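> Next comes the sequence, and after it the predicted model I'd like to discuss.
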Amino acid sequence: MPEITRDEVAHLAKLARLALDESELDRLAGQLDVILGAVAQIKEATDASDVRPTSHAVPLENVTRPDVVMPSLTPEQALSGAPAVEDGRFRVPQILSDES
């Protein structure tokens, strides 16, 4: 694979409207060459059509406990300490207006 040149980096910088000095052009030419080499290696990879797509590198399993019915408060017990009750529910101050 041909090496990326300083002139190509300068052209790309101009297209991206980046002001790069001489040392940055030299440094970026080397870095972009490494990146392009890595992309070329990936292109050479063998056919992966038989590899099943995954969303995670390792299998995930959701860990939950089973639901168990347990005794709880009755509505009357739950509302017994409330300062205001209306229609079997906690009454709270209105914070939204009825207007749309």
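Now that the structure is in, tell me what you want to look at.
> Could you pull up phi and psi at residue 72?
phi -140, psi -180 (degrees, to the nearest 10).
> hang on, I meant residue 42
phi -60, psi -40.
> Distance check, it against residue 36.
Separation of residue 42 from residue 36 (CB to CB, to the nearest Å): 11 Å. C-beta coordinates here come from the backbone N, C-alpha and C atoms, glycine included.
> Residue 30: neighbour count?
13 (other CB atoms under 10 Å).
> change the start of the numbering to 35 and stick with it
Sure thing, new numbering starts at 35, so read that last one as residue 64.
> Tell me, how many residues neighbour residue 62?
Using other CB under 10 Å: residue 62 sits among 18 other residues.
> The one 10 residues further on now?
As a burial measure, the neighbour count of residue 72 was computed by other CB under 10 Å and equals 10.
> how about it, what does it touch?
By CB atoms under 8 Å, 6 or more residues apart in numbering, no residues touch residue 72.
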